[in-house]
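*Asks:* Mind looking at a prediction? Sequence and model below.
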Amino acid sequence: MKKQWRISPQRQPPKAMIRISGYLLLLLLLFMPLSSQARELSSQQSSNNEAVGLLAFKKSSVQSDPNNLLANWSPNSATPCSWSGISCSVNSHVTTLNLTSAGLIGTLNLYNLTRALPSLKHLYLQGNSFSASDLSASSCVLESLDLSSNNISDPLPRKSFFESCNHLSYVNLSHNSIPGGSLRFGPSLLQLDLSRNTISDSTWLAYSLSTCQNLNLLNFSDNKLAGKLAVTPLFCNSLSILDLSHNLFSGEIPPSFVADSPSLKYLDLSHNNFSASFSSLDFGRCSNLTWLSLSQNRLSGIGFPLSLRNCVLLRTLNLSRNELQFKIPGALLGSLTNLRQLSLAHNLFYGDIPLELGQTCGTLQELDLSANKLTGGLPLTFISCSSMQSLNLGNNLLSGDFLTTVVSNLQSLIYLYVPFNNITGTVPLSLANCTQLQVLDLSSNGFMGDVPSKLCSSSNLTALQKLLLADNYLSGKVPSELGSCKNLRSIDLSFNNLIGPIPLEVWTLPNLLDLVMWANNLTGEIPEGICVNGGNLETLILNNNLITGSIPQSIGNCTNMIWVSLSSNRLTGEIPAGIGKLVNLAVLQMGNNSLTGKIPPEIGNCRSLIWLDLNSNNLNGPLPPELADQAGLVVPGIVSGKQFAFVRNEGGTSCRGAGGLVEFQGIRAGRLENLPMVHSCPTTRIYSGMTVYTFITNGSMIFLDLAYNSLSGTIPQNFGSMSYLQVLNLGHNKLSGNIPDSFGGLKAIGVLDLSHNDLQGFLPGSLGTLSFLSDLDVSNNNLTGPIPSGGQLTTFPQSRYENNSGLCGVPLPPCSSGGHPQSYTTRGRKQSVEVGVVIGITFFVLCLFGLTLALYRVKRHQRKEEQREKYIDSLPTSDSAEFGDDNNLVGWAKQLYREKRIHGILDPELMTKKSGEAELYQYLRIAFECLDDRPFRRPTMIQVMAMFKELQVDSESDILDGFSLKDASIDEFREKESSS
């Protein structure tokens, strides 16, 4: 029987029940507004607490607010939701704190901040200068945390915010100095960026790749991770972006590294030390990979992995700067029909560019095959590359007419680089068909004929910004039609055979920044009005021409100028004082002209000047002390990274000037050897590379050459304050007075030439403290007194001191008993002697150690059987000794020396040139004199250093290898000795 529920209509509720219900309803209506008011009071109280917490953060964590971003953070505010950088929820809880790039300086306590803001979900503090006192966190709801580009340098604590904040999905700690610490994160994390720190603990990467769970982005680039890459992203099923570039990984890349992570779309392993064969990599199905860079490693091999064909979605492939060789696999690469960027630059590929590579033309936008050994030209299949924007074929062995037949048809081309090849003929006028072209670089080829005059006619090439035709065989005049290229910023026509004046239409180009035409036969004058009627020049390099006239006064308007080189021309008149207005000027070269008048003291206002060369002119008057005004104030960086060559004169007083600095972009070293300035001195040496400053801050001038003028007066005392000066040449003038004691402050000086003047008095003993001094010349003056015995002063040859009226002491004849005392104090002399003794002993020990090491290396590479045959009579019965009668390495060498078999000591690989072999023999002779069995016949340390000084052709202390004496970064180093 189904149970039914029903209400009898006859039954009425009691009246008491009705009254009770009415009271309850009334109470409910009364308490409803009270409950809402309570919630509002609670929310307001919570908001006030958050305001108090934010104000505490401002007070304790922010030491500096230069932009006053936090000015409206006031305790008088009703709510913090209107404060700068604050976003709140609908119930007025702070959910976002965004102080990006506010310039704040302080110390971050993340624990206090998250405890004060319990509803904070997003914290963005990137681009400030926060250090971290505490990176742990209270139990928090943070989802996004960005602390990138700050000054965090402490390790992550064991219980960091990673473990406390269980909802984190995005963390960016990049651009700090975090060295490591403890890393543990949960499954909520989707993106982790730790790039540009100092992390060296490889367990961080191993942990991240083994517990990546839901990560889709992992960035460890630009750290200090080293060793082998031991793990693969096998468990990272969601990982699409992985960046491990700019680390110190070595060994092979695990063959299955890519195959184990089919979800990868972006993989960057560039700038490491990975080796082994590229063909050993397995790309698996490679169904998602679109971006791959393995550049700047040491991958080798003669083939590509066949599985690379599976990467059909690949859009960027960068294998540059490895050791890949053989021919470019055109069929394989041609099958990657979605490629947009392909770089195989700086490898060892040879042969022709394959026809099949043109099959990528449907999408290909950038192709870089530079710095290989490719021959032939660009195949006709590339005519269909309608999307090609950048083409770099430089530094190969290419030839033929492909510029006309192929390149001229690429309508979308913006950047064309074909320098350092073997292309001949005239510059193709058909290149004007590439109407989008902004950069045209055909430097260092074999082009002849005129500079094309119709590149910018009508609408053709109006976009052209750089025209680089240096180091060819172009002749004729610079065409005035270049004035139609209104967007031109850089013109380089150096090392050609151009004649005539530079047209006014070129000088007045409205956007011109770099005018480089050195080593031609240009004539005419530099017009008045430069940088007024035309662009504001940054670089003006016209040295080694036949330019006449005076330097225009309007050069003072070139306020962006950083490099001026007008040396070796026929300029006359005075140096404009307006040059002192050029606050960015770093290099000023006007040597070997016919300039007259005084050196403008205003040049001392050039606060970036590091190189001043005014040698071989007709300048007169005193040396302006203002030239040293910027000592300790020069800031580096203005000309960093410029390609240069320095031709150093090493022929002593027979050379005019210390040498010349030349801009060297896009020029073959062989062409420089034929430049007259290289043969103006009996011995020259050529250094080339990238400019690197020798100081980080508070620098000074590093090169000052005022030789071969008619300067008079005394040498200013404040010249000794230029502590980074490496070359000071004041020779062949009419200077008088004493050599300043302050020259002891020239701590970096390598070349000091004061010869052929009227200097008087004593040689300051402070010169003996100059430990990097490699070339000193004070000959042909009126100096008197003994040569200070401290430091290296006694190691220079006699010719550096000759023709002084009363100078005496080593290396000159000894002083008489009534010789004059040194001008240096007793204490200073004692220190100089002590320094000299220390340097001498150290040098001697290093020489012995070097000799022993060299002999050991030679001996180690000789077979024992050969030695037994040679020295069977002198070998003892013990197998542990095989070096002759003295039973040691030095004794073995002395035995060979006595038997006049020196060739048996030296490694044949070291004797590649006759001059080098003779030099090594001389060094051995000195070493054996030091090891003479009769102690009384061994030379003194001063004599040893003098002998080495005479033999010195080059040493590790050579000046100006780069702009640096000791730590220059040289990309291309080349030496040459020539005898004119």
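*Replies:* Noted; the coordinates are in hand.

*Asks:* which residues in the stretch 301-450 of the chain form strands?
*Replies:* With DSSP state E, counting those that start in this stretch as the definition, the stretch 301-450 of the chain shows strands at residue ranges 316-318, 323-326, 341-343, 348-352, 366-368, 373-376, 390-392, 397-398, 415-417, 424-425, 439-441, 446-450.

*Asks:* Likewise for the stretch 451-600 of the chain?
*Replies:* Listed in chain order, the strands found in the stretch 451-600 of the chain under DSSP E, counting those that start in this stretch are 466-468, 473-477, 490-492, 497-500, 514-516, 521-522, 539-541, 563-565, 587-589, 596-598.

*Asks:* For these, give me a markdown table that also has mean pLDDT, mean neighbour count and distance to residue 284.
*Replies:* (Glycine included, C-beta is placed from N, CA and C.) Written out in a markdown table, the entries for the strands of the stretch 451-600 of the chain read as follows (pLDDT from 0 to 100; neighbours: other C-beta atoms under 10 Å; distance: least, C-beta to C-beta, whole Å):
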| stretch | mean pLDDT | mean neighbour count | distance to residue 284 |
| --- | --- | --- | --- |
| strand 466-468 | 96 | 21 | 43 |
| strand 473-477 | 96 | 16 | 53 |
| strand 490-492 | 96 | 22 | 46 |
| strand 497-500 | 97 | 16 | 57 |
| strand 514-516 | 96 | 22 | 49 |
| strand 521-522 | 96 | 18 | 61 |
| strand 539-541 | 95 | 23 | 51 |
| strand 563-565 | 95 | 24 | 52 |
| strand 587-589 | 95 | 24 | 54 |
| strand 596-598 | 97 | 15 | 75 |
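
*Asks:* For the helix or strand hosting residue 114, enumerate the helices and strands it packs against.
*Replies:* In this structure, residue 114 is located in helix 110-116 according to DSSP states H and E. Under the contact criterion of 3 or more C-beta pairs under 8 Å, 6 or more residues apart in numbering; DSSP states H and E, the helices and strands touching helix 110-116 comprise helix 15-61, strand 129-134, helix 161-164.

*Asks:* Let me know how buried residue 187 is, in neighbour terms.
*Replies:* Per other C-beta atoms under 10 Å, the neighbour tally for residue 187 reads 11.

*Asks:* re the thing from before, can you put the strands of the stretch 451-600 of the chain in JSON lines and add distance to residue 143?
*Replies:* Supplementary listing: the strands of the stretch 451-600 of the chain in JSON lines, determined by distance: least, C-beta to C-beta, whole Å:
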{"stretch": "strand 466-468", "distance to residue 143": "47"}
{"stretch": "strand 473-477", "distance to residue 143": "63"}
{"stretch": "strand 490-492", "distance to residue 143": "49"}
{"stretch": "strand 497-500", "distance to residue 143": "65"}
{"stretch": "strand 514-516", "distance to residue 143": "50"}
{"stretch": "strand 521-522", "distance to residue 143": "66"}
{"stretch": "strand 539-541", "distance to residue 143": "51"}
{"stretch": "strand 563-565", "distance to residue 143": "51"}
{"stretch": "strand 587-589", "distance to residue 143": "53"}
{"stretch": "strand 596-598", "distance to residue 143": "70"}
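
*Asks:* quick revisit: buried sites along the helix holding residue 114?
*Replies:* Judged by neighbour count (16 or more other C-beta atoms under 10 Å), helix 110-116 contains these buried residues: 110-114, 116.

*Asks:* Enumerate every residue touching the closest residue to residue 331 other than its chain neighbours.
*Replies:* Computed as C-beta to C-beta, 6 or more residues apart in numbering, the closest residue to residue 331 that is not its neighbour in sequence is residue 356, at 4.9 Å. Contacts were defined as C-beta atoms under 8 Å, 6 or more residues apart in numbering; by that measure residue 356 touches 330-331, 333-334, 381.

*Asks:* Alright, calling it a day.
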